[in-house]
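Visitor: Requesting a structural model of the entry that follows:
(2 chains)
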2 protein chains.
Amino acid sequence: MILAGIILAEAAAIYDNKNAIQTQSYGPESRGGASKAEVIISDEEIDYPEVIAADVLVALSQEACDKYASNLKKDGILIVDLDKVGRVPTSNAIKVPITRTAVEITGKSITANSVALGVLVGATGVVSRQAIEQAVAERAPLGTQAMNQAALEAGFALAEKCTSTK
Amino acid sequence: MILAGIILAEAAAIYDNKNAIQTQSYGPESRGGASKAEVIISDEEIDYPEVIAADVLVALSQEACDKYASNLKKDGILIVDLDKVGRVPTSNAIKVPITRTAVEITGKSITANSVALGVLVGATGVVSRQAIEQAVAERAPLGTQAMNQAALEAGFALAEKCTSTK
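Guide: Residues are numbered from 1 along each chain as shown, chains lettered A, B, ... in the order given. This next block holds a predicted model:
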């Protein structure tokens, strides 16, 4: 998720002309436990570099959901991978098959990050679609651009499907 | 420098078993102006995610040096690329040909980040050499591992040469 955090921050700052700060925290738990990437996006200058209460949380594992859901605002948006996260602490979480879709579309579970970005941007509009497309194209490892664009678009589609059935 | 910040944080957390936080700040200036990557490394838990006063600053452009040198502690270590930074606000800066060495060793100026990491770790010991070697190997884009290892080792050599002539 580190790269996803960077891509989202760059979409906001470079392509949508906003301010952004992204932070990665590594503890001894980084050897396989839940890791956390934070991104703050604002039209104004950003004073404090840490997320106090999150507007959106994307959790791709039960451990991450359990650990970080309390950081979400009361009316914040929780997005989870429905195959990975069984218990959610809210009735209005967006549950979508993120990793499964990545594997179906690209054959690679590593593109789950791009699917997650697509769901996040599709569901929240926190950055423009064009900005996230450009940021993914710029940051995707050489030779994986098309794969990651496909994963991103699949994420947009998941978000549309999900929000239209509400 | 974004990737360099991530690599340094991962060297500390994953391979040297410390805590680390790395932060990237993007403003409208991120379109070519000075960008900033901060890394905090500690044996203890890290409370505050922002660098208040830096122990070490690496500046690869005059603009970055001018903008961030005031964040350095009084006895902090300033490392600059001597071909890019002409004016330094202290008499004891470590001035080394970072980008020039990258081009000489690998033919690619983009490996300046790995040279800079080598100088930083060689001069300060903030993480172990083994840790930074492993982190670079893990994070270098596919097909560029050998090139980035060579750049890193060249950075170690620059640091040794520089500190031994003091």
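
Visitor: Using the three-state scheme, assign the residue nearest to residue A:36 when sequence neighbours are not counted.
Guide: In space, and not counting its chain neighbours, residue A:36 is closest to residue A:25: 5.3 Å by Cβ to Cβ, 6 or more residues apart in numbering or on different chains. From N, CA and C alone the C-beta is placed, and that goes for glycine too. With DSSP: H, G, I helix; E, B strand; the rest coil as the basis, residue A:25 sits in strand.

Visitor: With residue A:11 instead?
Guide: helix.

Visitor: And the pLDDT at it?
Guide: If you check residue A:11, the pLDDT there is 93.

Visitor: what number of residues lie near it?
Guide: The number of residues packed near residue A:11 is 29, by other Cβ atoms under 10 Å in any protein chain shown.

Visitor: dump the residue contacts of it.
Guide: By Cβ atoms under 8 Å, 6 or more residues apart in numbering or on different chains, the contact set of residue A:11 is A:121, A:127-128, A:131-132, A:134-135.

Visitor: How about residue A:116?
Guide: A:1, A:4, A:58, A:60, A:79, A:81, A:98, A:155.

Visitor: and with 6 Å instead?
Guide: A:58, A:98 (Cβ atoms under 6 Å, 6 or more residues apart in numbering or on different chains).

Visitor: Provide the secondary structure category for it.
Guide: On the basis of three-state DSSP, residue A:116 is classed as helix.

Visitor: Tell me the spacing between it and residue A:60.
Guide: As judged by Cβ to Cβ, to the nearest Å, residue A:116 and residue A:60 stand 7 Å apart.

Visitor: hmm, back to that, ChimeraX command for the buried members of the contacts of residue A:11?
Guide: Of these, the buried ones can be selected in ChimeraX as follows, counting by 16 or more other Cβ atoms under 10 Å in any protein chain shown:
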select /A:121,127,131,132,134,135
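
Visitor: Could you provide the contacts of residue A:11 in TSV, with additional columns for pLDDT and distance to chain B?
Guide: Shown next, in TSV, are those (pLDDT from 0 to 100; distance: Cβ to the nearest Cβ, whole Å):
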residue	pLDDT	distance to chain B
A:121	97	17
A:127	96	12
A:128	97	16
A:131	96	12
A:132	97	14
A:134	95	13
A:135	95	11
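
Visitor: which one of the contacts of residue A:11 is nearest residue B:51?
Guide: For those, the minimum distance to residue B:51 (Cβ to Cβ) is 25.4 Å, reached by residue A:135.

Visitor: That closest one is in contact with residue A:10, isn't it?
Guide: Yes: with contact defined as Cβ atoms under 6 Å, residue A:135 and residue A:10 form a contacting pair (4.6 Å).

Visitor: for the top helix by length along chain A, packing partners?
Guide: Secondary structure of chain A per DSSP state H: the longest helix is helix A:145-164. If you count contacts as 3 or more Cβ pairs under 6 Å, 6 or more residues apart in numbering or on different chains; DSSP states H and E, helix A:145-164 packs onto strand A:94-96, helix A:98-106, helix A:112-124, helix A:129-139.

Visitor: Could you figure out how far the longest one is turned away from helix A:129-139?
Guide: Same thing as helix A:112-124. Per axes from the mean of the first three to the mean of the last three Cα atoms, to 10 degrees, the angle that helix A:112-124 makes with helix A:129-139 is 170 degrees.

Visitor: and chain A, which of its residues are near chain B?
Guide: Neighbours of chain B within chain A, by Cβ under 6 Å from any Cβ of the partner chain: A:9, A:13-14, A:19-27, A:30, A:49-50.

Visitor: Between all of those, which two are separated the most?
Guide: Going by Cβ to Cβ, the pair spanning the residues of chain A next to chain B furthest: A:14 and A:27, at 29.6 Å.

Visitor: low-confidence ranges in chain A?
Guide: A:28-34, A:164-166 (pLDDT under 70).

Visitor: Report the contact partners of residue A:21.
Guide: Residues in contact with residue A:21 (Cβ under 6 Å, 6+ apart) are A:40, A:46, A:49, B:25.

Visitor: Can I get the lengthiest strand in chain A in PDB? Just the C-alpha atoms.
Guide: In chain A, with assignment by DSSP state E, the single longest strand is strand A:72-81. This file holds the C-alpha atoms of strand A:72-81, laid out as PDB (Å, rounded to 0.1, in the frame of the first residue of the first chain):
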ATOM      1  CA  LEU A  72     -12.200   6.800  11.000                       C
ATOM      2  CA  LYS A  73     -14.600   9.700  11.500                       C
ATOM      3  CA  LYS A  74     -18.100   8.900  12.600                       C
ATOM      4  CA  ASP A  75     -19.500   9.500   9.100                       C
ATOM      5  CA  GLY A  76     -16.300   8.400   7.400                       C
ATOM      6  CA  ILE A  77     -16.200   5.900   4.500                       C
ATOM      7  CA  LEU A  78     -14.800   2.400   5.200                       C
ATOM      8  CA  ILE A  79     -13.800   0.500   2.100                       C
ATOM      9  CA  VAL A  80     -12.800  -3.200   2.600                       C
ATOM     10  CA  ASP A  81     -11.900  -6.200   0.500                       C
END
